[in-house]
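> After the sequence you'll find the predicted model.
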Amino acid sequence: MELFDEISFHHIPREENKMVDALATLSSMFKVIPHGDLSCIDIRCRVEPAHYCLIEEEEHGKSWYFDIKRYIKDKEYPLEAFDNDKRTLRWLAASFLLSGSVLYKRYHDMVLLRCVNAKKAE
């Protein structure tokens, strides 16, 4: 603290603190040497959610959540699924909710997010 001219503390509610939490986690990964060079963290704003950049349609043109939705609706596994694949699918399906034909991702705080294919909305 003696290296700073002024320090102030402000309380931020946990639900508004996600960016700060992420930055604190990143900063804990770097060793800081007083009066030494600091690592730079580059932050970019994206127009669409970052996970859209990682989601691709499968070769057969089905959405990334097709197997999850089919399992919840019909309790059907993919034909090529092994026992471990089936167990993983059941585990994944437990955190989703199907309402009519709409699939929602369920989070621990009971918030539901609608699953939409990154390429096109269903």
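Noted; the coordinates are in hand.
> Isn't residue 95 up against residue 105?
Yes. If you go by CB atoms under 8 Å, residue 95 and residue 105 touch, sitting 6.6 Å apart. For every residue, glycine as well, the C-beta is placed using N, CA and C.
> Which of the two has more residues huddled nearby?
Between residue 95 and residue 105, counted using other CB atoms under 10 Å, the more crowded position is residue 105 (15 against 12).
> Now do the more buried one against residue 93, distance only.
To residue 93, residue 105 is 11 Å away according to CB to CB, to the nearest Å.
> which residues of the chain fall in helices?
Counting by DSSP state H, the chain forms helices over residues 18-27, 66-74, 83-93, given from the N-terminal end onward.
> Could you dump those helices into JSON lines with mean pLDDT added?
What follows is these, written out as JSON lines (pLDDT from 0 to 100):
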{"stretch": "helix 18-27", "mean pLDDT": "78"}
{"stretch": "helix 66-74", "mean pLDDT": "92"}
{"stretch": "helix 83-93", "mean pLDDT": "92"}
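> ranking those by burial, who's on top?
Burial among the helices of the chain, expressed as mean neighbours by mean count of other CB atoms under 10 Å, is greatest for helix 66-74, which shows a mean of 17.
> List the residues that contact the residue lying closest to residue 112 once chain neighbours are set aside.
Spatial nearest neighbour of residue 112, excluding adjacent residues (CB to CB, 6 or more residues apart in numbering): residue 104 at 4.0 Å. Residues near residue 104 by CB atoms under 8 Å, 6 or more residues apart in numbering: 96, 97, 98, 112, 113, 114, 115.
> For the protein, name the helix or strand with the lowest mean pLDDT.
Every helix and strand of the chain was ranked by mean pLDDT, DSSP states H and E. The lowest is strand 112-114, at a mean of 74.
> Which elements pack onto that strand?
Helices and strands touching strand 112-114, by 3 or more CB pairs under 8 Å, 6 or more residues apart in numbering; DSSP states H and E, are strand 102-106.
> That's all I had, so thanks and see you.
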